[in-house]
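# Could you look at this predicted model? Sequence included:
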Amino acid sequence: MNRPITVMYLIDTYISLPDSPLKAGAEKQLYLLASSLNPEKFRPVIVQLGPDNSSQVTAGHLGGLELFHFPTGKLYSLNGLRQINNLLSLTKNKKAEIIHTFFEKSEVMGWLAVRLSGIPVWITSRRDLGFKRKRIYDIIFRMTSKDCKKCIANCNAVREQAIQQENLPPEKIEVIYNGLDLSEYQQTFKNKSLREELGFVNGTLLVGLIANFNFEIKGHSYFLQATKSVLEKVPETEFLLVGEGPLRNRYEEMARKLGVKEKVHFLGKRSDIPAILSNLTVSVLSSTSEGLSNVILESMAAGKPVVATNVGGSKEMVADGLTGYLIPPADPSAMAMAIINLLNNPDEAKVMGAAGNKIVKEKFTIEAMVKSYERLYKSLVAKCNDNR
């Protein structure tokens, strides 16, 4: 019997468990993918390159996953060279047949490992529109990505950008949508502890934005400006901001200056996102740049209508006028109008939420995502074996 295909994943940060509060999407997606592969066919190995030891899950075993931690700061340093050598030793020891990379350092180290070790298959990933990427990596990517067998984009918007900016041949880029664990959203959340915690009565209209306060592109300022307009038309509305980060104090001060502080509740990090979403009347994505937003998927899975900025892959999830509304980015007036319309038309909002839930179950499940990756992995390894 053939042994399982060893897939070695490289990621610049650390994997995140599904119940981790507000951890980034790619980290959760990697965990869901690696832990869901058929163990009879695939052997996943995860190498985390995060330079610090703050993560609770750095090395060892997690379920059926083998985890390794090669803390890497600057690639072009003695430490960086040492970790590249460690990676080469590990690929040989584990008999890796596929290297699959996530983010910048992983791309460079994975490319070098493939070049130096002769591993037959390298797959790279594009998870967003590159808003954090340093220009030097754009230059490096144009060189390294020529050697990849496939580049996986998590939506068509990211795929198109990779074609235009990196000159990748279209046939090299495959779109595989994120998968969502729907188990937490299958149950009906009748627990009103969140409303009791915040002192709300049943029936209070709740509008929420779930995004960490790390980057301005999340659009918190436009959301806060929109709250002022919404309150003028629907004054009984309450607003929830879930997340943490260095910009939080700035936006709390902004809420005070806008005169909406009493109606805007900063909840910080939360591990009960499904329960929070289940209590919302409307879920909002206000970003000015996104790849494929997991928050949109989670909101739709919870059966909530979504008001989302028309950036990145939003239009690939939200059917405008059917599951929510797509609005221009950086437009608090349009955001407010869409929210007001949903608050004033609860029956329409419920129909939209149900339609969104149906789309998630059809297109964005873990099963669909894993099936696509398994098919890809097997076909690429088989093609390489045929060419030997």
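Cool, the structure landed.

# Quick check: nearest residue in space to L343, chain neighbours excluded?
V234 (4.9 Å; Cβ to Cβ, 6 or more residues apart in numbering). Any C-beta I mention is one placed from the backbone N, CA and C, and that applies to glycine too.

# Just give the number of residues close to the one you found.
By other Cβ atoms under 10 Å, 17 other residues sit near V234.

# For it, list the residues it contacts.
205, 340, 343-344 (Cβ atoms under 8 Å, 6 or more residues apart in numbering).

# Can you flag which of the residues you listed belong to helices?
Counting by DSSP state H, the contacts of V234 place 340, 343-344 in helices.

# Does V47 touch T91 like I think?
No - V47 lies out of contact with T91 (Cβ atoms under 8 Å); the separation is 9.2 Å.

# List the contacts of the helix or strand encompassing T124.
Element membership of T124 [criterion: DSSP states H and E] is strand 121-126. Strand 121-126 has contacts (Cβ under 8 Å, 6+ apart) with 26, 97-103, 107, 110-111, 114, 144-145, 147-154, 158-159, 161-162, 173, 291, 376-377, 380-381, 384.

# hey, C-alpha coordinates of that strand in PDB?
Only the C-alpha atoms of strand 121-126 are listed here, as PDB (Å, rounded to 0.1, in the frame of the first residue of the first chain):
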ATOM      1  CA  VAL A 121       6.000  20.200  -5.600                       C
ATOM      2  CA  TRP A 122       5.900  23.700  -4.200                       C
ATOM      3  CA  ILE A 123       2.500  25.400  -3.800                       C
ATOM      4  CA  THR A 124       2.300  29.100  -2.800                       C
ATOM      5  CA  SER A 125      -0.700  31.100  -1.500                       C
ATOM      6  CA  ARG A 126      -2.100  34.500  -1.800                       C
END
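
# about what we covered before: reformat the contacts of V234 as CSV; add distance to P328, pLDDT and neighbour count.
Formatted as CSV, the contacts of V234 follow (distance: Cβ to Cβ, whole Å; pLDDT from 0 to 100; neighbours: other Cβ atoms under 10 Å):
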residue, distance to P328, pLDDT, neighbour count
L205, 24, 96, 20
I340, 16, 98, 20
L343, 20, 98, 19
N344, 21, 97, 12
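
# Please dump those residues into TSV; it should also carry distance to N214 for every row.
Putting the contacts of V234 into TSV (distance: Cβ to Cβ, whole Å) gives the following:
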residue	distance to N214
L205	28
I340	29
L343	29
N344	33
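
# and K149, how many neighbours does it have?
So K149, with other Cβ under 10 Å, has 18 neighbours.

# quick one: it from A334, how far?
Distance of K149 to A334, computed by Cβ to Cβ, to the nearest Å: 42 Å.

# now swap in A211 and tell me
Taking Cβ to Cβ, one finds A211 at 18 Å from A334.

# So between these two, which is more surrounded?
A211 (23 against 19).

# So R82, which state does it fall into?
helix (DSSP: H, G, I helix; E, B strand; the rest coil).

# quick one: low-confidence ranges for the stretch 101-250 of the chain?
Low-confidence segments of the stretch 101-250 of the chain, defined by pLDDT under 70: 131-132, 186-192.

# which residues of it fall in strands?
121-126, 150-153, 173-175, 206-210, 238-242 (DSSP state E, counting those that start in this stretch).
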